[in-house]
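A.B. asks: prediction below, plus the sequence it came from.
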Amino acid sequence: MDKISGLKNVERLIERSMYAMRWIMAPIYLGMGLALLTLGLKFFKELFSFMPSVFSSSDSEVILNLLTLIDLTLIGNLILIVMFTGYENFVSSLDLCDTTEKLDWLGTHDFGSLKTKVAASIVAISSIHLLKVFMNLQDHQGDKLLWYLGFHLTFVVSAVLMGYQDRSSKQSKGVKHC
């Protein structure tokens, strides 16, 4: 009997230690916040370098600059989604007081929907990059465009398959979709 209780104590210690190790991720999510700050600085650098030449630039140059800003914005949104969802799913619930504005989607995403959102964001970012490459076609060789298109289609197929898999697993568990 003593041997069994000793093993149970070791098991409990291991499980508690493993569970406590989730807090190792908290500084990583804080680091993502710093990455978001860096991205914000890059966004405003791009915006302020683009603004003085907006009237003298061609339409395609304006569109390319705007696509760069949209690309940076999508990456920022992706960082926020991963940061908040990852923290809530893997570290701890966000304890926000009632007076703090809470985002509607907080606490509603599981790991499967996080993967789907990340994949969809990657497809959107890839789409913008592909459009930028296409608009600068004279600067790129045709074979590079085919490589970019191949990678983009790979992202699209992967995102569709992940979305299908997530939807199928939720339906098999009885979760309803709107």
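C.D. replies: Looks like it arrived, so ask away.
A.B. asks: in this protein, what spans have low per-residue confidence?
C.D. replies: Applying pLDDT under 70 to the chain flags the ranges 1, 96-100, 102-111, 138-143, 173-178.
A.B. asks: let's see 50
C.D. replies: For the chain, applying pLDDT under 50 flags the ranges 177-178.
A.B. asks: show me what contacts the most centrally placed residue in it?
C.D. replies: Taking CA atoms, centre = their mean, the centroid of the chain lies closest to L78, which sits 3.1 Å from it. Listed by CB atoms under 8 Å, 6 or more residues apart in numbering, the contact partners of L78 are 117-118, 121-122, 125. Quick note: C-beta positions are derived from backbone N, CA and C, even for glycine.
A.B. asks: mind redoing it with 6 Å?
C.D. replies: Neighbour list for L78: S121 [criterion: CB atoms under 6 Å, 6 or more residues apart in numbering].
A.B. asks: which helix or strand contains it?
C.D. replies: Using DSSP states H and E, the element containing L78 is helix 59-90.
A.B. asks: tell me the helix or strand right after that helix.
C.D. replies: Going down the chain from helix 59-90, the next helix or strand is helix 111-135, by DSSP H and E.
A.B. asks: buried residues of that next one, list them for me.
C.D. replies: For helix 111-135, burial by neighbour count (16 or more other CB atoms under 10 Å) applies to 113-133.
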